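Visitor: I need the structure of the sequence given here:
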Amino acid sequence: MGKLSENTQAEEVPENDANIETMKEPVTEKEEYLSLCQLVNPISQPLASRKLAKKLYKLVKKSAKEKGSLRHGLSDVMKAIRKNEKGILILAGNVSPIDVYSHIPALCEEKEIPYVFTPSREHLGLWYKRPAIVLMVKKHESYSELYDDVYSLVNALVVEPINS
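Guide: Numbers count the residues shown, from 1 in each chain. Model (predicted):
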């Protein structure tokens, strides 16, 4: 054990010209969304369209403000599914390895819970400042109209078979 020097000076770090911006809202511009869709894993079916993703992000934003209406994280969502809680399940499409959550779509179909994939886990967890691989949004009276609209859109999506 040595003595710590009391004459430690703060190291000066030169400023970069690089401009790093933090995201405040998920990006749903056409080109950016298409580039994100190319990075999704093979089991990401049904994948939300750009307009549906925008509605999903808005729903997540509103549900994050209400206590108890948003379940996030794999273990929390699995617990909610086992307890037969109803809601919309939103999964991120760019999760690696796939084995982490590949069983969830089968559970959702068994329990008749509508589910949808979005292309980015960073966008999905933006409202509580953590990347998320899976969220469950439950119905709440403050955003029930948006919830019903999104629920019907997600329920109408068709899972396309994977071409080998």
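
Visitor: For residue 92, what are phi and psi?
Guide: Backbone torsions of residue 92, given as degrees, to the nearest 10, read phi -90, psi 140.

Visitor: Got the confidence number for it?
Guide: Confidence per residue is given as pLDDT, and for residue 92 that number is 93.

Visitor: again with residue 160
Guide: Per-residue pLDDT puts residue 160 at 69.

Visitor: do residue 111 as well
Guide: The predicted local distance difference test score for residue 111 is 94.

Visitor: from memory it sits against residue 83, does it?
Guide: No. At 10.4 Å, residue 111 does not count as touching residue 83 under the criterion of Cβ atoms under 8 Å. Every residue, glycine included, has its C-beta placed from N, CA and C.

Visitor: These two - which one has more neighbours?
Guide: Comparing residue 111 with residue 83 by other Cβ atoms under 10 Å, the one with more neighbours is residue 111, at 13 against 7.

Visitor: quick one, phi/psi of the more buried one?
Guide: Backbone torsions of residue 111, given as degrees, to the nearest 10, read phi -90, psi 0.
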